[in-house]
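K.L.:
Have a look at this fold, sequence not included:
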């Protein structure tokens with residue numbers, strides 16, 4: 001399906017996920033303290049911050065899953081016609097990694113937390129850096145599109161297609 005912009009639903013899902021990811025990075029210390037206490041054989045104190053990290057991780061998974069469904073069903077606007085092939089490739093690869101990590105990371109966190117699987121905890125830790133790198137690449141790419149290439153790519157995620 002050829003669309004020229006994102007729907008209001010797609011835009012809301014994008015910004016809600018962005019906000020939740022930022023919150024997760026802020027709340028990471030609370031869950032990390034609990035995990036450290038468990039690793040040391042101590043009785044952890046489950047704080048509101050630690051619980052929130054777990055709950056938001058589950059919420060992120062389901063919102064990301066729904067976002068993938070909406071994108072597959074509705075589609076996404078094409079890259080600008082004059083955009084170099086390498087930038088189209090990088091944008092596509094970045095989006096693919098972001099979608100994948102938003103689905104895999106909550107699963108590894110759940111497997112670590114609820115299943116006690118240490119390898120999943122380590123994977124979750126590594127995925128944090130992958131997510132941060134691609135989150136920043138996505139952000140810088142949007143700014144590059146807006147201020148250097150002067151395209152409407154960034155605007156499409158701020159104003160719904162009419």
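P.N.:
Done, it's in. If you're wondering where the values come from, they're calculated on a predicted model, not measured in any experiment. Residues are numbered from 1 along each chain as shown.
K.L.:
what sits up against stretch 151-162?
P.N.:
3-8, 11, 14-15, 77, 79-80, 83, 142-143, 145-146 (C-beta atoms under 8 Å, 6 or more residues apart in numbering). Heads up, the C-betas are built off the backbone N, CA and C, glycines and all.
K.L.:
now the residues you listed: which count as buried?
P.N.:
5-7, 11, 77, 79, 142, 145 (16 or more other C-beta atoms under 10 Å).
K.L.:
Please identify which of the residues you listed is nearest to residue 130.
P.N.:
residue 142 (18.7 Å; C-beta to C-beta).
K.L.:
Let me know the helix or strand that residue 16 is in.
P.N.:
helix 8-39 (DSSP states H and E).
K.L.:
gap between residue 129 and residue 106?
P.N.:
Separation of residue 129 from residue 106 (C-beta to C-beta, to the nearest Å): 16 Å.
K.L.:
Tell me which of the two has more neighbours.
P.N.:
Using other C-beta atoms under 10 Å, the more surrounded residue of residue 129 and residue 106 is residue 106, with 24 against 9.
K.L.:
Find the nearest non-adjacent residue to the more buried one, please.
P.N.:
The shortest distance from residue 106 to any non-neighbouring residue, by C-beta to C-beta, 6 or more residues apart in numbering, is to residue 61 (3.7 Å).
K.L.:
my read: the one you found touches residue 107, true?
P.N.:
Yes: with contact defined as C-beta atoms under 8 Å, residue 61 and residue 107 form a contacting pair (6.9 Å).
K.L.:
So the two - more neighbours on which side?
P.N.:
Taking neighbours as other C-beta under 10 Å, residue 61 and residue 107 compare with residue 61 leading, 18 against 15.
K.L.:
helix or strand for that one, which one?
P.N.:
If you go by DSSP H and E, residue 61 is part of helix 48-74.
K.L.:
what's that helix packed up against?
P.N.:
When contacts are defined as 3 or more C-beta pairs under 8 Å, 6 or more residues apart in numbering; DSSP states H and E, helix 48-74 packs onto helix 8-39, helix 85-113.
K.L.:
mind checking pLDDT for residue 23?
P.N.:
pLDDT, residue 23: 96.
K.L.:
quick one: contacts for the nearest residue to it once chain neighbours are set aside?
P.N.:
Using C-beta to C-beta, 6+ apart and skipping residues adjacent in sequence, the residue nearest residue 23 is residue 56, 6.2 Å away. Contacts for residue 56 were tallied using C-beta under 8 Å, 6+ apart; they are 20, 23-24, 27.
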